[in-house]
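J.: Got a predicted structure plus its sequence, pasted below:
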Amino acid sequence: MKSAAKPASNPIGKLVIIGVGLIGGSFALALKKAKAVNHVIGVGRTRKNLNTALKLGVIDEISLDAREAVRDADMVLIGTPVGQMPDVMKLIAPHLGKKTIVTDGGSTKQDVIACARKHLDTHFKNFVPAHPMAGTENSGAAAAFAELYRGRKVIVVPQKETSARAVSAVRAAWQACGANVVRLQAREHDEILAAVSHLPHVAAFTLMNTLAKRKDAKRILGFSAGGLRDTVRISGSSPEMWRDIFLANRVALLADVDKFINEIKYLRSRLKAGDGDAMQAVFEHARHVRERWLVKARRG
């Protein structure tokens, strides 16, 4: 069952989105729709994307200077690729207000927490690591939409130093977006995401490149249908973002990649041997697991 967005009792006064893409932009739009924010400032590297965000009503104001933008902000969401977060945190830390809450939308948490602990200094207590379990293969402000988080999980990973006030504010913001907020430990988060998010991207990128390297790639892709499109859809995701995610979570991801390779090797051996019964057993098991997963997901 999808969650209804909760009306905000205390709207965020000034929200700063650093990195106005799918994640940050959808956060802003969802909060606006819920009347849970009064003013949104967008910060980014390219004027073109920020102009798009302003034109589409994702943000209310453009800033090319993160240091100036975060002054007197009530909340800051860092929506950049995780590889950029250390520089962003180092840049804004001296300019944050004593009560400014900082959060992020990164797909890895151990590395983000480590750089926040290093660079945010006394503001670390107001930092709430978070990760919305939602997305599409599209990127940029034009890809943002208010319903992205409706009924989706958002994982928060507060630390022992994190203030209860900051956790409460970030939780309330995500709930206003219609999300279900779940609390995890950082290592647990990264291990789960390596399996259910990062590994599927490994498979999609690899399959697309395998086909592209064939001499007859252009011809065979002209015969593709829904099966290929469904399987490689996420290979259209931001290369920069996924490079950073893979590197940041490489220990957990490598373990799952090795398991995936072992499954491929086993299927290859059965195919080479002409062992149809073994292959069918593999397929039946996968189908059964998928059906159980989908039934459970529909039940909420």
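T.: Okay, I see it.

J.: Could you measure from Ile18 over to Ile59?
T.: Distance, Ile18 to Ile59, using Cβ to Cβ, to the nearest Å: 11 Å. Glycine gets a C-beta too; all of them are placed from N, C-alpha and C.

J.: scratch that, Ala146
T.: The spacing between Ala146 and Ile59, counted by Cβ to Cβ, is 13 Å.

J.: Tell me which of these two has more neighbours.
T.: Ile59 (29 against 20; other Cβ atoms under 10 Å).

J.: how far out from the middle of the chain is stretch 280-300?
T.: 25 Å (Cα atoms, centre = their mean, to the nearest Å).

J.: Next: stretch 254-264.
T.: Distance, stretch centre to chain centre, for stretch 254-264: 23 Å (Cα atoms, centre = their mean).

J.: In the stretch 1-150 of the chain, where is pLDDT below threshold?
T.: Judged by pLDDT under 70, the stretch 1-150 of the chain has its weakly predicted residues at 1-9.

J.: Helices of that one, residue ranges please.
T.: 22-33, 47-55, 66-69, 85-92, 110-119 (DSSP state H, counting those that start in this stretch).

J.: what comes up buried for the third one?
T.: Of the residues in helix 66-69, Ala66, Ala69 count as buried by neighbour count, 16 or more other Cβ atoms under 10 Å.

J.: what's in contact with that helix?
T.: Val16, Ile18, Ile41, Val43, Ser63, Val88, Leu91, Ile92, Pro94, His95 (Cβ atoms under 8 Å, 6 or more residues apart in numbering).

J.: Same check on the fourth one?
T.: Helix 85-92 is contacted from outside by 18-19, 66-67, 70, 76, 78, 80, 102, 104, 106, 112, 115-116, 118-120, using Cβ under 8 Å, 6+ apart.

J.: so of the contacts of helix 66-69, which ones are in strands?
T.: In strands, judged by DSSP state E, the following of the contacts of helix 66-69 are found: Val16, Ile18, Ile41, Val43, Ser63.

J.: hang on, the first one packs against Val76?
T.: Yes. With the criterion set as Cβ atoms under 8 Å, Val16 and Val76 qualify as a contacting pair; they are 4.6 Å apart.

J.: Common neighbours of the two, please.
T.: Counting by Cβ under 8 Å, 6+ apart, the residues touching both Val16 and Val76 are Val70.
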